[in-house]
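# fold the following, please.
(one chain, ligands or ions: 1)
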Amino acid sequence: MAENLERLKQRVPLLEYLQRHNWKPCRTGSRQEFVGLCPLHQETHPSFYVNAAKNLFYCHGCGRGGDLIRFVQLFLDLPFRQTVAHLEEELLPDPVFRLLEETAAFYQLQLHRHPEATDYLERRGVHDSSLIEELGIGYAPGGNLRRHLAAWCSSFDQLLEIGLINHHGRDAFCRRLIFPCRQNGQIANLYGRSIGAAFPHRLLPRSKGGLFAWESVSRFSTVILVEGLFDLAVLWQAGFRNTTCALGAQLTPAQWAQLTEQPGRSVYIAFDQDDNQAGQKASHQLALRLENAGLPAHIVQLSDGHDPNSYFVAGARAADFTARLQEADRL
Ligand SMILES: [Zn+2]
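Residues are numbered from 1 along each chain as shown. Model (predicted):
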């Protein structure tokens with residue numbers, strides 16, 4: 001029992017739990033201590049203290065204190081046992097996210113068992129094994145996902161609804177390289193790139209989520225925005241870690257919000273050069289919109305109709321791309 005309670009408390013730190021429930025903390029003098037209005041009694045001056053290192057709270061106003069379970073017990077006015085049951089349920093990871101994690105891990109295991117997948121990565125210029133690991137790139141050979149996930153008690157209907165299998169129970173991703181797309185640390189979608197004759201791009205029928213790997217890019221004041229994950233992979237490999245990807249040339253509202261959250265951020269748009277001018281048009285429109293929002297926008301031109309991926313595959317080096325960034329036009 002005591003062990004289970006410890007595990008429960010570790011699943012979400014007290015401070016994070018309070019913030020999820022809209023508690024607004026201020027830092028006190030010490031690095032690990034926070035103060036705010038007490039959620040347990042009415043007050044106008046903050047006297048509710050949280051020690052993040054110890055995972056404990058104490059209110060100088062109402063004199064109550066303790067750990068996460070004690071807080072929820074007081075807040076919901078529940079008996080101890082019911083409080084624990086309530087928290088167990090509230091803090092349970094979403095089963096869909098768990099299924100996506102399990103699927104991505106399974107595909108990741110398949111990658112090195114199928115030479116056709118690693119050969120394809122090599123042809124697309126992605127060869128750094130630690131980068132492949134970091135991006136979580138996997139391979140869906142097709143035909144065995146359902147059997148593998150049966151161990152996770154996932155039902156046919158659930159897999160169908162998420163889009164991992166089709167109506168015949170066959171894998172939706174077949175002969176595709178898989179990139180997990182994370183948002184807030186959780187896999188929000190899977191992108192599959194066909195290595196065969198099938199339509200090249202495929203996402204699960206969920207929202208495409210935010211910008212790719214935004215957590216690791218958000219601190220930069222200059223960001224390179226590309227369309228595809230192979231563009232991103234070769235740029236990260238060449239050291240341009242401030243690259244993020246929109247999975248297409250049209251930004252979702254969530255992606256736009258992420259990109260513009262830092263005032264004055266410079267954005268370098270390196271979209272595909274399409275024969276039908278679709279990429280060029282999208283770059284131009286986005287650049288205008290960014291400039292109107294007060295963000296300096298630059299359009300990166302690569303020679304001979306290249307996108308960033310094909311540019312590096314054709315032999316360009318980091319210095320070449322840096323030169324293209326330097327001569328990028330601002331609107
Ligand atoms: Zn209080």
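# tell me where the stretch 51-200 of the chain has strands.
Ranges of strands in the stretch 51-200 of the chain, per DSSP state E, counting those that start in this stretch, are 56-59, 65-66, 138-140, 176-183, 186-194.
# could you say which of the ones you listed is packed most deeply?
For those, average neighbour numbers computed from mean count of other CB atoms under 10 Å are highest in strand 138-140, which has a mean of 26. From N, CA and C alone the C-beta is placed, and that goes for glycine too.
# show me the shaky parts of the stretch 151-300 of the chain.
152-154, 184 (pLDDT under 70).
# burial count for H21?
H21 sits with 11 neighbouring residues when counted by other CB atoms under 10 Å.
# one more: the one 3 residues further on?
Here the number of neighbours of K24 (other CB under 10 Å) works out to 10.
# redo the strands of the stretch 51-200 of the chain as CSV? Include distance to P308.
Shown next, in CSV, are the strands of the stretch 51-200 of the chain (distance: least, CB to CB, whole Å):
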stretch, distance to P308
strand 56-59, 49
strand 65-66, 53
strand 138-140, 22
strand 176-183, 16
strand 186-194, 15
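# save the ones you listed as CSV, and put in distance to the ion too.
Putting the strands of the stretch 51-200 of the chain into CSV (distance: least, CB to the ion, whole Å) gives the following:
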stretch, distance to the ion
strand 56-59, 3
strand 65-66, 9
strand 138-140, 49
strand 176-183, 35
strand 186-194, 33
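# closest one to R170 among those?
Taking CB to CB, strand 138-140 is the member of those nearest to R170, at 11.3 Å.
# what helices and strands are in contact with the closest one?
helix 95-111, strand 176-183 (3 or more CB pairs under 8 Å, 6 or more residues apart in numbering; DSSP states H and E).
# let me have these in JSON lines, extended by distance to Y191.
Below are the helices and strands packed on strand 138-140 laid out as JSON lines (distance: least, CB to CB, whole Å):
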{"stretch": "helix 95-111", "distance to Y191": "11"}
{"stretch": "strand 176-183", "distance to Y191": "5"}
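# looking at these, which is closest to C26?
strand 176-183 (27.8 Å).
# and the closest one, which strands flank it?
strand 138-140 (antiparallel), strand 186-194 (antiparallel) (DSSP bridges).
# so how far is the first one off the chain centroid?
The reference is to strand 138-140. 18 Å (CA atoms, centre = their mean, to the nearest Å).
# contacting residues around it?
104-111, 114, 117, 171, 173-178, 180, 192 (CB atoms under 8 Å, 6 or more residues apart in numbering).
# now with 7 Å?
Outside strand 138-140, the residues within contact range by CB atoms under 7 Å, 6 or more residues apart in numbering are 104, 107-108, 110-111, 114, 117, 171, 173-174, 176-178, 192.
# ok, the residues you listed vs the ion, which is closest?
A104 (43.3 Å; CB to the ion).
# nearest residue to V234 in space, please, no chain neighbours.
Nearest non-adjacent residue to V234, counting by CB to CB, 6 or more residues apart in numbering: F312, 4.1 Å away.
# can you tell me the SS state at the one you found?
Applying DSSP: H, G, I helix; E, B strand; the rest coil to F312 yields a three-state assignment of helix.
# isn't it right up against G125?
Yes. Counting by CB atoms under 7 Å, F312 touches G125, with 5.0 Å between them.
# hey, what's in contact with both of those two?
With CB under 7 Å, 6+ apart, F312 and G125 have common neighbours V234.
# just give me the neighbour total for the residue nearest to V234.
25.
# residue contacts, it?
By CB under 7 Å, 6+ apart, the neighbours of F312 are G125, V234, A238.
# thought the first one was touching A314?
No. Using CB under 7 Å, G125 is not in contact with A314, being 9.0 Å away.
# these two: which has the busier surroundings?
More neighbours surround G125 than the other of G125 and A314, with 21 against 13 (other CB under 10 Å).
# closest one of the contacts of strand 138-140 to A53?
A104 (32.8 Å).
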